[in-house]
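> After the sequence you'll find the predicted model.
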Amino acid sequence: MRRAIYLLTIFLLIYNINLSIIENGDSVPASLLPFNILEYHNLTLDYFSEYFDTIPVPWMVKKSGSHLLSVYPIVTPVLVTPLYIIPYLIIKVAHYPMDPLNPGFWLIVDILEKIAASIVAALSGVFIYLAARKLIRERAAIVTAIFFAFGTNTWATSSQQLWQHGLSELILAMLLYIIFTNNNTEKDLLAMGALSGLFVFNRPADSILLLPILYYVLKSDNRLYYAVGCATGMPFAAYNLYYFGSIMGGMEILFGALNIYNISNALGLLVSPNRGILIYSPIVVLAVFGYFKSRRDPFCNLMVLSILAEIAIYGSFAIWWSGGSYGPRFMTGMFPYIAIFMGLYINTLSMEKNKLAILCMSILFAWSVFVQIIGVAYPYWLWAQAANIDTARAWDWHDMEIFTGFYAGPKEIHPIEGLKSFLAYCTHW
């Protein structure tokens, strides 16, 4: 437990070391909903409509009757709301207005989003460590958690904004920890059922990743698992049906343009220069070797099958390149499985006997960390702003997002000026 706390602290410090907010419209509803839940006790964004009216094409929200709603699933903002309670109470005591057009309030929104996202991502890394140490040596488990935390888009995506991917990683890591602990008690089934229900409605496209979990619960009294899973998922299913007329909610549009025969797009998620997981996080290649160490285990085979199915699903999306975000964002939810396979391989290495393998692993990790640093400390979004993103551009080796950000130089950080601006807003108010 002490090591887990050390890791949590390190992850949180490094995730926030850039002292800056990465703006992306997709996460705006998730950053505002906790305030709306605490103040107005509902799940709409009606109070913030003035802000969305200032956006030429507010794709992240949708009108349903007289209400303004998040297009994206609301599981993440609902679950992180407790992290907002103390800041919200301070705002209320100070009588500071939650004005959607007040830059001071938006600074608070941005800071809390970053803190909440970094906590979710850091906890994911901790549960990867806790799950891995049930299978492998302590040191190997620590290395596995570090590779997961800093060598994948867990850093550049999950820890920086309230995407759904961060919570998907955390839930999957928690499920793996419960399974590898292997107590197989009713309490475990209750927890797994609750987590699985949330997982499905947090990001429906990631649901295929539950395939190994379903196999595991077949060996137990799975009626309890399914009952609890339905209970936790039902409120979100009801929300989706009531406001959107579909159990998928606002995400249904993504499933309406599938092209299951487009293999090149799936390959693009693996090796394309601007969205390939092996380009942005080549350290994950260790998972291939880890799989061969465990290929006779049915659970591990199902983990691989779910990973491949996930790649096929996202590869069939019309916008398989995941918009203007950084790197293979769509692949982020599967990193807990990949991390376990990486750990199984790392566990076999010895400083005395495998010096070449460790050298190669260090080089892959160094590149993976470099790429993640670009995502958190450099203006990578200049690549997306330069021209429209399409399949051809995602495959363009002469126009790489990584180097566009790197050559632009690191973002300037002015925390003191930011604090002065915030105090000025307060004084003006």
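It's in. Numbering: from 1, shown residues only.
> give me the low-pLDDT residue ranges for this structure?
252-261, 414-429 (pLDDT under 70).
> Strands along that one, start to end?
For the chain, applying DSSP state E gives strands covering 61-64, 67-70.
> Identify the residues contacting the first one?
Identification of contacts with strand 61-64 by CB atoms under 8 Å, 6 or more residues apart in numbering yields Pro29, Leu45, Phe52, Leu68, Leu69, Ser70, Val71, Tyr243, Phe244, Gly250. Using the backbone N, CA and C atoms, a C-beta is placed for each residue, glycine as well.
> Kindly present those as a markdown table, with separate columns for distance to Gly343 and neighbour count.
Below are the contacts of strand 61-64 laid out as a markdown table (distance: CB to CB, whole Å; neighbours: other CB atoms under 10 Å):
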| residue | distance to Gly343 | neighbour count |
| --- | --- | --- |
| Pro29 | 35 | 27 |
| Leu45 | 41 | 24 |
| Phe52 | 43 | 18 |
| Leu68 | 44 | 19 |
| Leu69 | 40 | 22 |
| Ser70 | 35 | 23 |
| Val71 | 36 | 18 |
| Tyr243 | 41 | 19 |
| Phe244 | 39 | 18 |
| Gly250 | 36 | 21 |
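> Can you pick out the most distant pair from those?
Greatest spacing in the contacts of strand 61-64, by CB to CB: Phe52 and Phe244 (17.4 Å).
> Looking at the contacts of strand 61-64, which are in helices?
If you go by DSSP state H, the contacts of strand 61-64 have Pro29, Phe52, Tyr243, Phe244 in helices.
> Now do the contacts for Asn240.
Applying CB under 8 Å, 6+ apart to Asn240 gives the contacts Phe201, Ser246, Ile247, Met248, Gly249, Gly250.
> could you check the distance from it over to Ser70?
For Asn240, the distance to Ser70 under the criterion CB to CB, to the nearest Å works out to 11 Å.
> which residues do these two both contact?
Shared between the contact lists of Asn240 and Ser70 (criterion: CB under 8 Å, 6+ apart) are residues Gly250.
> May I see the strands of the chain arranged in TSV, with distance to Lys134 as well?
Supplementary listing: the strands of the chain in TSV, determined by distance: least, CB to CB, whole Å:
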stretch	distance to Lys134
strand 61-64	42
strand 67-70	37
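> quick one: which of those is nearest His165?
By CB to CB (comparing all of the strands of the chain), the closest turns out to be strand 67-70, at 15.7 Å.
> Give me the sheet partners of the closest one and which way each runs.
Strands that pair with strand 67-70, judged by DSSP bridges, come out as strand 61-64 (antiparallel).
> Can I get the partner strand in CSV, CA atoms only?
Output of strand 61-64 as CSV, limited to C-alpha atoms (Å, rounded to 0.1, in the frame of the first residue of the first chain):
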residue,chain,number,x,y,z
VAL,A,61,-24.0,19.4,-27.3
LYS,A,62,-27.4,18.6,-28.7
LYS,A,63,-30.9,20.0,-28.3
SER,A,64,-33.5,17.7,-27.0
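> Can you report how many residues neighbour Ile91?
When counting by other CB atoms under 10 Å, one arrives at 18 neighbours for Ile91.
> just use 17 as the starting number from now, easier for me
In the new numbering, first residue 17, that becomes Ile107.
> That one and Ile124 touch, don't they?
Yes - under the criterion of CB atoms under 8 Å, Ile107 lies in contact with Ile124, with a separation of 7.2 Å.
> Phi and psi next, for Leu234.
Backbone geometry at Leu234, expressed as degrees, to the nearest 10, gives phi -60, psi -20.
> Next one: it from Asp204, what distance?
Counting by CB to CB, the separation of Leu234 from Asp204 is 14 Å.
> Quick check: the gap between the nearest residue to Trp413 once chain neighbours are set aside and Ile127.
Nearest residue to Trp413 in three dimensions, chain neighbours excluded: Pro289, at 4.8 Å (CB to CB, 6 or more residues apart in numbering). Pro289 sits 34 Å away from Ile127 when distances are taken as CB to CB.
> Gly359 now?
If you measure Gly359 against Ile127 using CB to CB, the figure is 34 Å.
> neighbour-wise, which of these two wins?
The residue with more neighbours, out of Gly359 and Ile127 and counting by other CB under 10 Å, is Gly359; that gives 28 against 16.
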